[in-house]
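**Q** generate coordinates for the sequence data below:
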Amino acid sequence: MTVKPLVLLPDPVLRQVSTPIQRVDADVQRLAADMLETMYDAPGIGLAAVQVGVPLRMLVIDLSKEDDETKAPQVFLNPEILRASDERSVYEEGCLSIPDYYAEVERPASVTLRYLGLDGETHETEADGLLATCLQHELDHLNGVLFIDHISKLKRDMVIRKFTKASKRVAS
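**A** Numbering: from 1, shown residues only. Alright, predicted model coming up:
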């Protein structure tokens, strides 16, 4: 397993719509393992493949606590939301591609998701609470959407300016 470099705002790769995975093979399984290793190293609770520069419809999540010895990694290939609740919830979200920035985001409180597992089989799961929020956040990545797209234009523009300025400093 390899820790991959994270793609950071304002990299245009983050705005790409990811392509579906055609078959589950050793390359997909290796990418999933690398993504989990990268997510744990960051540390974070979710990561989309596009965040490591691979625009495939894959995301990984592990909501176990950092100090919890038992990890609970989940891998979702070609995920799609079948249903979203009318009830809303608000969580403070952050993103490994937008380090050290957090904002409250309102999303459906629960979702029903269909996806392929690493076993190549189709699965459905119902999620609420933090898992529902995390799934929606990571699925947004697969569609070229960032969590800052759910906040006010003024705040979003400030964040983009800050990260664009920082990337120019690093480049020079």
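
**Q** all helices for the chain, in order.
**A** For the chain, the helices defined by DSSP state H occupy 26-41, 129-142, 153-171.

**Q** next, the contact list for P5, please.
**A** 52-53 (Cβ atoms under 8 Å, 6 or more residues apart in numbering). C-beta: built from backbone N, CA, C; applies to glycine.

**Q** next one: G46
**A** Taking Cβ under 8 Å, 6+ apart, we find G46 in contact with 39, 59-62, 134-135, 137-138.

**Q** which member of those residues is positioned nearest R30?
**A** Among the contacts of G46, V60 lies closest to R30 (Cβ to Cβ), at 12.7 Å.

**Q** let me see the contact set for the most centrally placed residue in the chain.
**A** For the chain, the residue nearest the mean C-alpha position is E138 (2.8 Å; Cα atoms, centre = their mean). Going by Cβ under 8 Å, 6+ apart, E138 touches 46-48, 59, 61, 76.

**Q** next, count neighbours for the nearest residue to it once chain neighbours are set aside.
**A** Nearest residue to E138 in three dimensions, chain neighbours excluded: L59, at 4.0 Å (Cβ to Cβ, 6 or more residues apart in numbering). Under the neighbour criterion other Cβ atoms under 10 Å, L59 is assigned a count of 28.

**Q** ok, S89 - contacts?
**A** So, once contact is read as Cβ under 8 Å, 6+ apart, S89 ends up touching 106-109, 129, 132-133.
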